[in-house]
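Participant: predicted model, plus sequence, below.
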Amino acid sequence: MDLFAGVSVSNYDTAVAWYSQLLGAEPAFLPNDIEAVWELAEHRYLYIEVVPEHAGHAQHTLFVEDFEGTLAAIATRGLEPTTRETYENGVRHATFFDPDGNEVSYGGNP
């Protein structure tokens, strides 16, 4: 099964720059002039699409093995999470917001 998780944005260039900074890579491919796609893992993709009327409403959580390492790598690229929390069960969660207000969070095991 492949997964394509979409994020509506209002400005293509701003969104490509921000997601490249967050994800640490340029898009894997550009299907057209209003979409950009990053491959997060085999058959798992995050894409942006310019749809201004829907921008700012996405919520995605990427659960990673190396939570602290992932956040440290993102910090070296100039982004810090807006919030960091640890749930009662020990699961960790950090939230970033793109320029449109879309939420991209990272989660990690205790």
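Facilitator: Ah, there it is. Residues are numbered from 1 along each chain as shown.
Participant: phi and psi next, for the residue located most distally from the centre of the chain.
Facilitator: Distance to the chain centre peaks in the chain at Glu88, reaching 24.6 Å (criterion: CA atoms, centre = their mean). Main-chain dihedrals, Glu88, degrees, to the nearest 10: phi -60, psi -30.
Participant: next, count neighbours for the nearest residue to Ala28 once chain neighbours are set aside.
Facilitator: Counting by CB to CB, 6 or more residues apart in numbering, Ala28 lies nearest to Glu39, which is 4.2 Å off, once chain neighbours are set aside. From N, CA and C alone the C-beta is placed, and that goes for glycine too. Residue crowding around Glu39 was assessed by other CB atoms under 10 Å; the count is 15.
Participant: SS state for Glu39?
Facilitator: strand (DSSP: H, G, I helix; E, B strand; the rest coil).
Participant: that one and Tyr45 touch, don't they?
Facilitator: Yes: counting by CB atoms under 8 Å, Glu39 does reach Tyr45; the two are 5.5 Å apart.
Participant: list residues touching both of those two?
Facilitator: Jointly contacting Glu39 and Tyr45 under the rule CB atoms under 8 Å, 6 or more residues apart in numbering are Ala28.
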